[in-house]
Structure formats: C-alpha cells, structure tokens
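[1] Compute the structure for the input listed below.
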Amino acid sequence: QMQLQESGPGLVKPSQTLSLTCTVSGGFSTTNHYYWSWIRQPPGKGLEWMGAIAYSSSTYYSPSLKSRTSISRDTSKNQFTLQLNSVTPEDTAVYYCARWEPYGMIYDYWGQGTHVTVSS
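    Have a look, this model is predicted:
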C-alpha cells in the first residue's frame, strides 16, 4: 500500500523560503506515468494546485505561483520536494502532496497534509 508523508517546518517567517518534502513509501516509480503533485488549502478556502513533477522529471506549475515555486525529486530517497520563495501570510495553508493518475484522472494517493503558518 502506497503512503505519502509531508514533512517540513510548521512556521516560516515572511520573505523566507518554505521547503517541504514528501516521502513516498510503497513505490516511487520513475518509469510509470504518474505526476507527483503539491496542493494546498488556505484557511477557509478551497484546494489550490501548486505544481507537479512527472515521471519524466518535467515540471509543471500554477501560473500564479510559477515565479516562486520549484519542485524537484530525489528518487534514491523516494522523495519529492517543494520550495516556495518569498512567502507571505497569504501562503499560510495546509500543504498536501498527492499522486495524480492521468488515465483515471484522479489523485489516487494523498498525504495527510502539513499545516504551515507564515508569520513573523
């Protein structure tokens, strides 16, 4: 059974860089067709797709966040990471990692989410 687990700081100061890691257990394949994604949910708002890294290492970002976002992976550690630069209090949210299965067009595995607060 695949499991995803987010990790990172719960508190980040404004203007700093937020770094989160998603550790995948049960198979982090680079040969299949999955997209490994980051999604967030600010308080009182809906889910916001931030970006993804494909099995091919291609990356895709939300246009609204592209200038501040970077997603990478370390297959030796079964991890992929999110970096969000120049954070503001508006980046306060629960951050999720998830696997996108494009044939079924679903996010079939999710992490439990990690809450990040941006505050001085």
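[2] How about the contacts made by the residue nearest the centre of the chain?
    By CA atoms, centre = their mean, the chain has its centre lying nearest to residue 38, at 2.5 Å. Neighbouring residues of residue 38 by CB atoms under 8 Å, 6 or more residues apart in numbering: 20, 22, 49-52, 71, 82, 95-98. C-beta here means a position set from N, CA and C on the backbone, and glycine is covered the same way.
[3] Go again with 6 Å.
    Counting by CB atoms under 6 Å, 6 or more residues apart in numbering, residue 38 touches 50-51, 82, 97.
[4] Mind listing the strands the helix or strand containing it pairs with, and their directions?
    In this assignment (DSSP states H and E), residue 38 forms part of strand 35-41. In the sheet, strand 35-41 lines up against strand 48-54 (antiparallel), strand 93-101 (antiparallel) (DSSP bridges).
[5] For the last one, output the C-alpha coordinates as CSV.
    Spelled out, that is strand 93-101. What follows is strand 93-101, C-alpha atoms only, in CSV (Å, rounded to 0.1, in the frame of the first residue of the first chain):
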residue,chain,number,x,y,z
ALA,A,93,-2.2,26.8,4.4
VAL,A,94,-2.3,23.1,4.8
TYR,A,95,0.0,21.6,2.2
TYR,A,96,-0.6,18.2,0.7
CYS,A,97,1.4,16.0,-1.6
ALA,A,98,-0.5,13.7,-3.8
ARG,A,99,-0.1,11.3,-6.8
TRP,A,100,-2.0,12.1,-10.0
GLU,A,101,-3.0,9.2,-12.1
